[in-house]
Structures are given as structure tokens and as C-alpha cells.
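Asker: Got a predicted structure here, sequence first:
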Amino acid sequence: MTRVLYPGSFDPVHNGHVEMVETAAGLFDEVVVAALINPSKGDALFDLEERMALLDESFAHLSNVRTTMFDGLVVDLAGEVEADFIIKGLRAVSDFESELQMAQMNMAISGVQTLFLPTASRRSFMASRLIREVARLGGDVSQMVPDPVRARLQDRFPG
């Protein structure tokens, strides 16, 4: 059985993330989606418990996907969940540069390989920080996020 770990802040989860998980679920026996606290990204819009609920709702249609949350090194979590690989999505060349460095660091400290999956070009512009900003300013992000996220954003930013 091949198990992969897909870590991220998922604040909020968007359709680009959903695409990645659906792709991974078709390629691997099990996908563990892990929401993390990322201090470099500032204050989160949704706390970890809210993000976990959104992940669970967004991936309920995939029987080989489970979710978890963590605070610490991704490689430590990879060991805990017995992941064979870490997967990361790539939207643009800039993603590759930063993700490659992280993958090399993870390999050096733990031996865990990272696999890169490209995002479909129609979703390559999606980023949680942009979705948060558009929603905060009253814009329509309903085509960019799963329905549970759309509902929570509308609750958070009524307008």
C-alpha cells in the first residue's frame, strides 16, 4: 500500500487543492491531507479545527483520503503517518523553486522523497491568500472553492 502526505495550510482549501487530492487519490492507495500552522503566513482566517472540518467536508467523496492537523516538521508527520512520499502541487516556476528547496531539505533530514504534481492551467492562479482577500472585499469566489468553504466564507464576510 502506498500512502502519501499532502501538507498545507489550507486557509481555506480551494478547488486547486481539491484537484490535487483527487489526482493523488487516483494514483495512490491512501492520501493523508494535513492542515498545518504556518507562522510565516501570518494570522489564519480559519483556526485548525475549522480547517479540519472544511477538509473533511471537501474530501468526503473520496474514500481513500483522511485528514489530520499538525504543528511541527512535515517530515515528522510523514513518519508518524507512515507516508511513503510527500506530494506538493506546482502552479508556476516560482512554486518549483521554493518547493524544490523544501523537498531537498526534507530529503536531507529524513530521507522522505517529495513528488510534484502540476496543477491544471485553469486553476494555476488560485491561492488561498488571494481567495481570502477577494472574499474579505466582497468578491465572488464561489467558483474557486468547494461549497462548504463558500458557505463559511459567506458567514465570515456577509455582504
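Answerer: On my side now, so go ahead.

Asker: which one is Leu62 nearest to, not counting chain neighbours?
Answerer: Using Cβ to Cβ, 6 or more residues apart in numbering and skipping residues adjacent in sequence, the residue nearest Leu62 is Ala25, 4.8 Å away. For glycine as for every other residue, the C-beta is placed from the backbone atoms N, C-alpha and C.

Asker: Now do the buried residues in the helix or strand containing the one you found.
Answerer: For Ala25, the host element (DSSP states H and E) is helix 15-27. Along helix 15-27, these residues count as buried under the neighbour rule (16 or more other Cβ atoms under 10 Å): 15-25.

Asker: From the contact counts, what lies against that helix?
Answerer: strand 3-8, strand 30-36, strand 85-90, strand 113-118 (3 or more Cβ pairs under 8 Å, 6 or more residues apart in numbering; DSSP states H and E).

Asker: who does the third one touch, helix- and strand-wise?
Answerer: Going back to what we said before, that points to strand 85-90. Applying 3+ Cβ pairs under 8 Å, 6+ apart, one finds that strand 85-90 makes contact with strand 3-8, helix 15-27, helix 74-80, helix 93-110, strand 113-118.
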